[in-house]
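Colleague: no sequence on this one, just coordinates:
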């Protein structure tokens, strides 16, 4: 049985499609990270699951039961779904224990007290049971909000950017605590965030949304390393692109050759490889005249480049280099490796996995423009 099933769910606001005929299934105990830019529809999708919005089409099932669609409509309180909001939404006039107990309807007084004690013990906050929300830190308030949502033992937990109001250090700690609690209780969860690193860290699977649609859904590693398209590639992290020529089983680029993934071998369309900053190796040039940080290669050498910008990031320095063609690559180097602007050097691709290969956007745009201008554009094969 799936914890959550969305079949053909659609929601429009006037003429604007917020969620476009979307299918999604979530296993029991699975954590899904839902990520995308502002306005992509991720919060609307969460509200549709929670029952705070009614879909225009499609079916929503929680724990196998239809809660929306097919002539059925269940209000939020009858969906067996817990919700944690960005602003905690604790009742200021209730103590911690009373906040946690709020959703425990249908239990006897003694059983409610036992459940509250169990829940507070899980987050090591039993000593704060009699405090009010304004007497708690931001992190403590977030823990209480999470505990209140989990106390009724829901089939599914929805978290709408719950850590965005916390400072970076506290955010990392609360995120780890939340993951531990979800694993301990075996609760399936949909976690909405606009933070790509957070999505990769917390999700068993990651769904990347744009304009009401899921552009890619999968485990964090393939979503990051083998994005489905340019949007996913650039949204999930810094990414540059180099045109590549397929020669046998090798992809030849301006910054060297890499072995092509098996599913790419034999393609004849124009291709490009995605390059993330940690996949670009810089080294001093050789066989030429001496420069700022070493020697300079003669013009035209594969990988010949010049540093055009640097950005100090603490433990790392992000170098931007311009290749002889004019294309730019970014390279993340340890803070102990610093090439000043103007340094001539070598930039080489270094992957620890098969590279992501996408259709060459420049070639695709040229074909589109040619067709638009009334000329025949040869289709990609």
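Modeller: It's in. Treat the numbers as computed from the prediction; the structure is a model and nothing was measured.
Colleague: which stretches in the stretch 101-250 of the chain count as helices?
Modeller: 109-122, 138-150, 168-185, 196-202, 220-225, 230-235 (DSSP state H, counting those that start in this stretch).
Colleague: would you mind giving those helices as CSV with distance to residue 12 and mean pLDDT added?
Modeller: C-beta here means a position set from N, CA and C on the backbone, and glycine is covered the same way. Below are these laid out as CSV (distance: least, CB to CB, whole Å; pLDDT from 0 to 100):
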stretch, distance to residue 12, mean pLDDT
helix 109-122, 39, 89
helix 138-150, 29, 89
helix 168-185, 32, 87
helix 196-202, 26, 94
helix 220-225, 27, 96
helix 230-235, 22, 96
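Colleague: for residue 88, which of the ones you listed is the nearest?
Modeller: Closest of the helices of the stretch 101-250 of the chain to residue 88 is helix 138-150, at 4.4 Å (criterion: CB to CB).
Colleague: helices and strands around the closest one, which ones?
Modeller: strand 81-84, helix 96-101, helix 109-122, helix 168-185 (3 or more CB pairs under 8 Å, 6 or more residues apart in numbering; DSSP states H and E).
Colleague: show me what that helix is in contact with.
Modeller: 82-85, 88-90, 96, 99-100, 102-103, 119-120, 122-123, 125, 128, 133, 136, 157, 162-163, 165-166, 170, 173-174, 177-178, 181, 185, 187 (CB atoms under 8 Å, 6 or more residues apart in numbering).
Colleague: rewinding a little: in TSV: the helices and strands packed on helix 138-150, plus distance to residue 31 and mean neighbour count.
Modeller: Putting the helices and strands packed on helix 138-150 into TSV (distance: least, CB to CB, whole Å; neighbours: other CB atoms under 10 Å) gives the following:
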stretch	distance to residue 31	mean neighbour count
strand 81-84	13	24
helix 96-101	22	23
helix 109-122	17	15
helix 168-185	6	15
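Colleague: which of those sits closest to residue 48?
Modeller: Nearest to residue 48, of these and by CB to CB, is strand 81-84 at 11.2 Å.
Colleague: that closest one pairs with which strands, parallel or anti?
Modeller: strand 156-160 (parallel) (DSSP bridges).
Colleague: beyond the lowest-mean-pLDDT helix or strand in the chain, next helix or strand please.
Modeller: Least confident helix or strand of the chain, by mean pLDDT, DSSP states H and E, is strand 294-295 with a mean of 34. Counting by DSSP states H and E, the element after strand 294-295 in chain order, helix or strand, is strand 304-312.
Colleague: after that next one, next one along is what?
Modeller: Following strand 304-312 in sequence, per DSSP H and E, is strand 316-323.
Colleague: so what does that next one touch, helix or strand wise?
Modeller: Packed next to strand 316-323, using 3+ CB pairs under 8 Å, 6+ apart, are strand 280-291, strand 304-312, strand 328-334, strand 344-349.
Colleague: of all these, which one comes closest to residue 24?
Modeller: When those are compared (using CB to CB), the closest one is strand 328-334, at 33.5 Å.
Colleague: where does the prediction get shaky in this protein?
Modeller: 287-301, 361-381 (pLDDT under 70).
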